[in-house]
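following is a predicted model, sequence given first.
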Amino acid sequence: MFYIFRHGETDWNVERRCQGHTNIPLNSNGVAQALDLAARLEHVPLDIIVSSDLERALVTGKTVASSKSIPLIVDSRLRETHFGEAEGMLFNEAIDAFGPEIWEKLMNFRSEFDHIGFPGGESRKAARDRIVETLMYLIETTDHQNIGISTHGAALRNTLHTFLPEDHPTIAIPNCVLYRIIYDHEEKKFIADSNPFECLVHSKEIGKT
């Protein structure tokens, strides 16, 4: 069971800039969101947190790990998609610079657009493959059954859509949203929730979901 969440808010999120691998810290609201996420996860039986190495995700992951007194490990494969020449640009600037078609295709999760990416950046497939590779690595090398993943908006959306029908509406990924992905060992496949995971009050109830 993976409980996968986006980091808290940054100033670039507020400004609607492409962050990618640019290492932007949480703002004060983002810190508060991380603390709220930790409170929401209080009764979720997590064994470990695995986080992107970028500060905004790492601080969010550390906040959750500290509140639950569980280990945190860092894996750079959980980084945001690299947006190449678009990094640092406002969304509208990126659309003007590279054309609306690339933006529309980036937000369309049909497999025919897997090769799409900003100039100098990663394709959607390349970014997705390293995230899924990390999940498989954790499945194959650890005994943990409930793992928290601290990552980024585009990376999280891309990962979820990998396990959903191609025609599924684009999922909204606000800061500190929480989703659940289950790995079915018998079927050898991932099953992703299409809606944010609502933390229940009692851990006994969580086991029944």
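Noted; the coordinates are in hand. Numbering: from 1, shown residues only.

what pairs with the longest strand anywhere in the chain, and is each one parallel or antiparallel?
Longest strand of the chain, by residue count under DSSP state E: strand 178-184. Sheet pairing of strand 178-184 (DSSP bridges) gives strand 2-6 (antiparallel), strand 189-192 (antiparallel).

any idea how far it is from the chain center?
12 Å (Cα atoms, centre = their mean, to the nearest Å).

that strand - what's its average pLDDT?
Strand 178-184 carries an average pLDDT of 97.

residues of it that come out buried?
178, 179, 180, 181, 183 (16 or more other Cβ atoms under 10 Å). For the C-beta atoms, the positions are set from N, CA and C on the backbone; glycine is no exception.

what's the answer for stretch 2-12, then?
Across stretch 2-12, burial judged by 16+ other Cβ under 10 Å covers 2, 3, 4, 5, 6, 7, 8, 9, 10, 12.

out of those residues, who's nearest residue 170?
Nearest to residue 170, judged by Cβ to Cβ, of the buried residues of stretch 2-12 is residue 6 at 14.8 Å.

looking at the chain, which helix or strand does the model trust least?
helix 203-206 (a mean of 38; mean pLDDT, DSSP states H and E).

hang on, the earlier thing: export the buried residues of stretch 2-12 to a markdown table and append columns for distance to residue 122 and pLDDT.
Listed next are these as a markdown table, based on distance: Cβ to Cβ, whole Å; pLDDT from 0 to 100:
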| residue | distance to residue 122 | pLDDT |
| --- | --- | --- |
| 2 | 22 | 98 |
| 3 | 25 | 98 |
| 4 | 19 | 98 |
| 5 | 21 | 98 |
| 6 | 18 | 98 |
| 7 | 18 | 98 |
| 8 | 23 | 98 |
| 9 | 23 | 98 |
| 10 | 20 | 98 |
| 12 | 18 | 98 |
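
now, the most widely separated pair of those residues?
2 and 12 (26.1 Å).

can you list the buried residues of stretch 2-12 in a markdown table and add distance to residue 141?
Listed next are the buried residues of stretch 2-12 as a markdown table, based on distance: Cβ to Cβ, whole Å:
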| residue | distance to residue 141 |
| --- | --- |
| 2 | 14 |
| 3 | 19 |
| 4 | 18 |
| 5 | 22 |
| 6 | 25 |
| 7 | 25 |
| 8 | 29 |
| 9 | 33 |
| 10 | 31 |
| 12 | 34 |
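
out of these, which is nearest to residue 172?
Using Cβ to Cβ, those come closest to residue 172 at residue 6, 10.6 Å.

quick check: closest non-adjacent residue to residue 166.
residue 110 (5.0 Å; Cβ to Cβ, 6 or more residues apart in numbering).

surely the one you found meets residue 164?
No - if you go by Cβ atoms under 8 Å, residue 110 and residue 164 don't touch, sitting 11.7 Å apart.

if anything else comes up later, I'll come back, but that's it for now.
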